[in-house]
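K.L.:
I would like the atomic coordinates for the input below:
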Amino acid sequence: MHVVTLIGNPLDPSFAHALRDAWGGGEVIWLSPDRAAEFAMAQLPGNLGEVRDQAHGMRIDLVVQPAEGRRKRVLLADMDSTMIGQECIDELADMAGVGAEVSEITARAMNGELDFEGALRARVALLEGLDADVIERVWQERITLTPGGETLLATMKAGGAYCALVSGGFTAFTERVARRLGFDEHRANGLPVEAGRITGKVAEPILGREAKVAALEEICARIGVPVADAMAVGDGANDLGMLQLAGAGVALHAKPAVAAQVQRRVDFADLTALLYLQGYSDAEFVRQQR
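P.N.:
Numbers count the residues shown, from 1 in each chain. I've put the predicted structure just below:
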């Protein structure tokens, strides 16, 4: 048995019901009025790709996945352009006057065109000598949380899930994001500072694609659940390993080369989409208390 999840803003009920009828699905269940709905079906449709493209043109996210075991006990999340709306290294580089050069390297690395580790070293080298106080300025002035992230964390944690932030970015930012959103742990790269200035080096070993896979395996083993019980979310090429290994890998507003290789794509909705994909309704959402 499979479940079809549709998420739009708004979601036209006529489209949901027409698709259910065309695919011979079960009752349309509304997880969020006029925004998210789902229905069950026995077999995968032969025209899934065509219909997904049609839905994309209507700015509707369409995901088809196995019905069994949708609610996950572990969440592994990327940070930059996933849990936050920015790439931290790009923001640091902009303040250092090398923003255009660094952001171009970032875009190519996240699309899988460049080796992640080499690209990170090259970008950090351009930050050499930058006053370390700029880290706090970037956090305060430029970083925004992705909508829905607080509700995603609060709801999954209320359901007993373990939540980890695993980033190819820097611990100086994952520490702040993890504390703000309530992650149980965070992992990222060190950005050494000497005499109050960024050295231009990255602490080794670099946390890249394979390290994210290792983190998924280690965390699941530590808390005693299979990787099939984990949900991973990310947007870049360095996330592909964990997205493909986790029981539910979600490409969120991902780079084209990444989205093409992941079954569960969310191109338009915010992070609450990850709850709808697990079958949560609005009535079950937990709002984070500040």
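K.L.:
show me where the stretch 151-290 of the chain has strands.
P.N.:
162-170, 185-189, 193-194, 197-198, 230-234, 248-252, 264-266 (DSSP state E, counting those that start in this stretch).
K.L.:
out of the ones you listed, the one nearest Ile223 is which?
P.N.:
strand 162-170 (5.4 Å; Cβ to Cβ). For glycine as for every other residue, the C-beta is placed from the backbone atoms N, C-alpha and C.
K.L.:
can you say which of the strands of the stretch 151-290 of the chain is nearest to Glu204?
P.N.:
strand 185-189 (9.0 Å).
K.L.:
how about the lengthiest helix in the chain: buried residues?
P.N.:
As assigned by DSSP state H, the longest helix anywhere in the chain is helix 209-223. Of all the residues in helix 209-223, those buried under the rule 16 or more other Cβ atoms under 10 Å are 209, 211-213, 215-216, 219-220.
K.L.:
what's the most distant pair in those residues?
P.N.:
Going by Cβ to Cβ, the pair spanning the buried residues of helix 209-223 furthest: Arg209 and Cys220, at 17.4 Å.
K.L.:
for the spatially most distant residue from the centre of the chain, phi and psi?
P.N.:
Distance from the C-alpha centroid of the chain peaks at Ala195, with 34.9 Å (Cα atoms, centre = their mean). When quoted as degrees, to the nearest 10, the phi and psi of Ala195 stand at phi 50, psi 40.
K.L.:
could we number from 115 for the rest of this?
P.N.:
Got it, the first residue is 115 from now on, which makes the last one we talked about Ala309.
K.L.:
and the pLDDT at it?
P.N.:
In this model, Ala309 is scored at 97, pLDDT.
K.L.:
cool, and the one 3 residues further on?
P.N.:
The model reports Ile312 with a pLDDT of 96.
K.L.:
where does the stretch 265-404 of the chain dip in pLDDT?
P.N.:
402-404 (pLDDT under 70).
K.L.:
span of stretch 304-321 from start to end?
P.N.:
Here the two ends of stretch 304-321 are set 9 Å apart, with distance taken as Cα to Cα, to the nearest Å.
K.L.:
flag every buried residue along it.
P.N.:
So stretch 304-321, judged by 16+ other Cβ under 10 Å, has buried residues 305, 311-314, 316, 320-321.
K.L.:
for the residues you listed, which one is nearest Arg187?
P.N.:
Leu321 (23.1 Å).
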